[in-house]
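# For reference, the sequence and a predicted model appear below.
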There are 2 protein chains.
Amino acid sequence: MKYLLSVDGGGTKTEFCISDMQGKMLKSFFVGSSNYKSVGADKVYKHFNQGLEKIKKAFSVGIEDIAYSVWGISGCDSKNDYDIIEEQIVKLGFQRQQMYLCNDGVLAFYAQAYEPGIVIISGTGSIIIGVDKNGNVRRCGGWGYNISDIGSGYWIGNEALKQTLLYCDGCCEYSPLYDKVREYFNGKDFEELPYIITEVVDYYQVAKVASLVVELSKEKEGTAKEILKNGAHILARMTKEMYDKLEFNSSMKLNFVFSGGVLKNPVYEAILKEELDKKLPLINVKFSTQENPPAYGGIKLAQRILDRGDNNET
Amino acid sequence: MKYLLSVDGGGTKTEFCISDMQGKMLKSFFVGSSNYKSVGADKVYKHFNQGLEKIKKAFSVGIEDIAYSVWGISGCDSKNDYDIIEEQIVKLGFQRQQMYLCNDGVLAFYAQAYEPGIVIISGTGSIIIGVDKNGNVRRCGGWGYNISDIGSGYWIGNEALKQTLLYCDGCCEYSPLYDKVREYFNGKDFEELPYIITEVVDYYQVAKVASLVVELSKEKEGTAKEILKNGAHILARMTKEMYDKLEFNSSMKLNFVFSGGVLKNPVYEAILKEELDKKLPLINVKFSTQENPPAYGGIKLAQRILDRGDNNET
């Protein structure tokens, strides 16, 4: 019996998911980080190996039984990144025609849709990934939380904190957002609050502030809505750029997927749709929100590649 | 013989400067960091003690010979910060009526001017500090490079990188700034550049990009000038806020000091003056750029406090 393997590699954990050839998911196993930038290539190899061992133990499946494998690895961006990660996979014993390596964002797309289309991801960070009708992948944004990733959770939280600090310093009009931020950080007043905010070093904590912004924008609160609108505006600009790069047009049936913790919120989704509508012809675009796990997207992509016969091309 | 002591405490080094009662600087000694948040309070105490030992050795000066001491410590912001640092100074043997503790920005002001007035500091970070006619100090901004400190070197560099990445992703018009950034990071083209920028983690490196922006804005380059103008606009907004808080008015003779690496540049200074002019009556304001070392400001402030007799108030 042959199997498909999907690997969803993140900074803290990596999911190894195995399915039959019909795409029926059999089981998932979890191991450590696959971000070589933080743990080193040797550790990534070790984690990959642990994942395979777990599969081998549970199903008596060797690498030779895996018809195709898709590796969606977060932070897999530059040619150098690809080379380093591919090297680890090959070292495990995988043949090149048996594996496809991509950024984990591609999995988020296939979890919900088929090409051609675009996935807009806004979680802690943000990135836009487009896939043309031949499966060619391009990306836009996602260059890091503090200098890129506009419209992401970190970005939204950071904008909210920036505005709050300006308010504390008396440099802008009051908004209920500032009281929400103050309560969130347990600040007793706006005199004390900056001293608390200035000690925030964890960017996940900044990203969490985004939920306050989204919450308030439901109630049509001006400052909160303005922040989301600015973020969505730039995400839409990047999406338009991706659309043009991939030579999409209004006659093509396209799939747009919204993914990531922040974009799963209907309020932000609606604002982003409005912004997209200003820039793109959406007549043949089918929207969906990522609900299936990314590992499922990897299985679907593996099937797609086998169907297309892309795996024999190399 | 009696002496004055000025301590200019930074994150990497601390200057102990001793002068005679007329303010004639006798000698400076350097010891390690006085930022307790990075090295711990015990280390700060140790460094302070080393500074005093050096003075003792060179001049046979004990604490009892120091008529007054001014401690301008970077990162000395909250009441908690003050309490912790003051505790170390008292532990050294200083009497409370023999010492004045403040943020190091106050030293930058007195290095160049006397109260009442405002010092606008823009180096890697930014902060605005006002001193009223009685020597009372207030601050605005300076809450951290990634969520505050608008108009600082880090902020300017970050804006430039943000714009450059948008250009690399095809999301904005070309500006010569982007080629300067590309050359600075040794990127061979704009395809490769984002992969280089995304690996920048050192915020000093981001702050250094500010010098490219300042350089280009001299040549009236649009994007570079726009970035500086936005930064200066918010610095001016904060300065106006400080002006109002301290109840300054156009009939008062005020001293405004520009300080910090970025603001020492005449181009940025000129842009900031323009922005200030839009918001404030500058008729009685005397501008100066900080040229004297901050430790000199500490000596001048010590004299000022003795003249006013503030030291006997407590």
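Ah, there it is.

# Spell out which residues of the stretch 201-314 of chain A are next to chain B.
Listed as neighbours of chain B in the stretch 201-314 of chain A under the rule Cβ under 8 Å from any Cβ of the partner chain: A:206, A:234, A:237-238, A:241, A:244-245. Where C-beta positions appear, they are placed from N, C-alpha and C, glycine not excepted.

# show me where the stretch 1-150 of chain A has helices.
Using DSSP state H, counting those that start in this stretch, the helices of the stretch 1-150 of chain A run over residues A:36-39, A:41-59, A:79-92, A:104-110.

# quick one: buried residues of the shortest one?
Right, the one you point to is helix A:36-39. Counting neighbours by 16 or more other Cβ atoms under 10 Å in any protein chain shown, one finds that the buried residues in helix A:36-39 are A:Tyr36.

# so how far is it off the chain centroid?
18 Å (Cα atoms, centre = their mean, to the nearest Å).

# That one packs against which elements?
On a contact count with 3 or more Cβ pairs under 8 Å, 6 or more residues apart in numbering or on different chains; DSSP states H and E, helix A:36-39 meets helix A:41-59, helix A:79-92.

# Show the buried residues in the residues of the stretch 201-314 of chain A next to chain B.
The neighbour count (16+ other Cβ under 10 Å) marks A:206, A:234, A:237-238, A:241 as buried among these.

# now, which of these sits nearest B:Leu107?
B:Leu107 has its nearest neighbour among these in A:Val206, at 31.4 Å by Cβ to Cβ.

# and the nearest residue to that closest one once chain neighbours are set aside, what does it touch?
Distance criterion Cβ to Cβ, 6 or more residues apart in numbering or on different chains; nearest residue to A:Val206, sequence neighbours excluded, is A:Gly157 at 4.2 Å. Contacts for A:Gly157 (Cβ atoms under 8 Å, 6 or more residues apart in numbering or on different chains) come out as A:206-210, A:213.

# Make TSV out of the buried ones among the residues of the stretch 201-314 of chain A next to chain B and add secondary structure.
Listed next are those as TSV, based on DSSP: H, G, I helix; E, B strand; the rest coil:
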residue	secondary structure
A:Val206	helix
A:Ile234	helix
A:Arg237	helix
A:Met238	helix
A:Glu241	helix
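
# Which part of the stretch 1-150 of chain A gets nearest to chain B, residue-wise?
Closest to chain B within the stretch 1-150 of chain A is A:Ser78: 3.9 Å, counting by Cβ to the nearest Cβ.

# Tell me, how many residues neighbour the nearest residue to that residue once chain neighbours are set aside?
Nearest residue to A:Ser78 in three dimensions, chain neighbours excluded: B:Tyr195, at 3.9 Å (Cβ to Cβ, 6+ apart). Per other Cβ atoms under 10 Å in any protein chain shown, the neighbour tally for B:Tyr195 reads 16.

# Now name the helix or strand holding B:Tyr195.
helix B:193-197 (DSSP states H and E).

# Can I get that helix as CSV, trimmed to CA atoms?
Extracted C-alpha coordinates of helix B:193-197, given in CSV (Å, rounded to 0.1, in the frame of the first residue of the first chain):
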residue,chain,number,x,y,z
LEU,B,193,17.1,42.4,-1.2
PRO,B,194,14.0,41.3,0.9
TYR,B,195,15.8,38.1,1.8
ILE,B,196,18.7,40.2,3.2
ILE,B,197,16.5,42.8,5.0
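
# Show me what that helix is packed up against.
Using 3+ Cβ pairs under 8 Å, 6+ apart: helix B:193-197 touches helix B:153-168, helix B:176-184.

# let's see 7 Å
helix B:153-168 (3 or more Cβ pairs under 7 Å, 6 or more residues apart in numbering or on different chains; DSSP states H and E).

# Just the angle for the helix it packs on relative to helix B:176-184, thanks.
100 degrees (axes from the mean of the first three to the mean of the last three Cα atoms, to 10 degrees).

# Show the average pLDDT along helix B:153-168.
Average pLDDT, helix B:153-168: 95.

# From the chain's centre, how far out is that helix? Work that out for me.
With Cα atoms, centre = their mean, you get 23 Å for helix B:153-168.

# now do stretch A:111-124
That offset, for stretch A:111-124, works out to 8 Å (Cα atoms, centre = their mean).

# if we look at stretch A:199-219, which residues are touching it?
Defining contact as Cβ atoms under 7 Å, 6 or more residues apart in numbering or on different chains, one finds that stretch A:199-219 is touched by A:124, A:145, A:153-154, A:156-158, A:160-161, A:176-177, A:180-181, A:184, A:224-225, A:227-228, A:262, A:265, A:267-268.

# Show the buried residues in those.
Here, 16+ other Cβ under 10 Å leaves A:124, A:145, A:153-154, A:156-158, A:160-161, A:177, A:180-181, A:184, A:224-225, A:227-228, A:262, A:265, A:267-268 buried among the contacts of stretch A:199-219.

# can you give me the strands in chain A?
A:3-9, A:14-19, A:25-31, A:66-73, A:99-103, A:117-122, A:126-131, A:137-140, A:254-259, A:285-289 (DSSP state E).

# Figure out which of these is closest to B:Gln112.
Per Cβ to Cβ, nearest to B:Gln112 of the strands of chain A: strand A:126-131, 44.0 Å.

# What average pLDDT does the closest one get?
Here the average pLDDT along strand A:126-131 is 96.

# So what are the sheet partners of it and their directions?
Strands adjacent to strand A:126-131 in the sheet, as given by DSSP bridges, are strand A:117-122 (antiparallel), strand A:137-140 (antiparallel).

# Dump those to a markdown table, plus mean neighbour count and distance to A:Ser38.
Shown next, in a markdown table, are those (neighbours: other Cβ atoms under 10 Å in any protein chain shown; distance: least, Cβ to Cβ, whole Å):
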| stretch | mean neighbour count | distance to A:Ser38 |
| --- | --- | --- |
| strand A:117-122 | 29 | 20 |
| strand A:137-140 | 20 | 20 |
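
# By mean pLDDT, show me the worst of the ones you listed.
With a mean of 92, strand A:137-140 has the lowest mean pLDDT of these.

# A:Thr239: what's it in contact with?
Residues near A:Thr239 by Cβ under 7 Å, 6+ apart: A:118, A:120, A:128, A:276.

# Nearest residue to whichever residue of the stretch 201-314 of chain A sits closest to chain B in space, ignoring adjacent ones along the chain?
Residue of the stretch 201-314 of chain A nearest chain B, by Cβ to the nearest Cβ: A:Glu241 (4.6 Å). Once flanking residues are discounted, A:Glu241 sits nearest to B:Gly170: 4.6 Å by Cβ to Cβ, 6+ apart.

# any idea how far the one you found lies from A:Gly231?
For B:Gly170, the distance to A:Gly231 (Cβ to Cβ, to the nearest Å) stands at 19 Å.

# More neighbours: which of these two?
Taking other Cβ under 10 Å, B:Gly170 and A:Gly231 do not tie; A:Gly231 has more neighbours (27 against 15).

# mind checking how far that one is from A:Val131?
23 Å.

# Outline the domain layout of chain A.
For chain A, automatic domain parsing gives the domain ranges A:3-111+A:292-312, A:113-291.

# Can you give me the distance of A:Ile196 to A:Ile227?
Distance from A:Ile196 to A:Ile227, by Cβ to Cβ: 20 Å.

# which non-adjacent residue is nearest A:Asn292?
A:Ala111 (4.2 Å).

# Thought A:Pro294 was touching the one you found, still the case?
Yes. The criterion here is Cβ atoms under 7 Å, and A:Ala111 meets it with A:Pro294 at 5.4 Å.

# tell me, how many neighbours does the residue lying closest to A:Gln88 once chain neighbours are set aside end up with?
Once flanking residues are discounted, A:Gln88 sits nearest to A:Tyr45: 4.4 Å by Cβ to Cβ, 6+ apart. The tally of other residues near A:Tyr45 (other Cβ under 10 Å) stands at 18.
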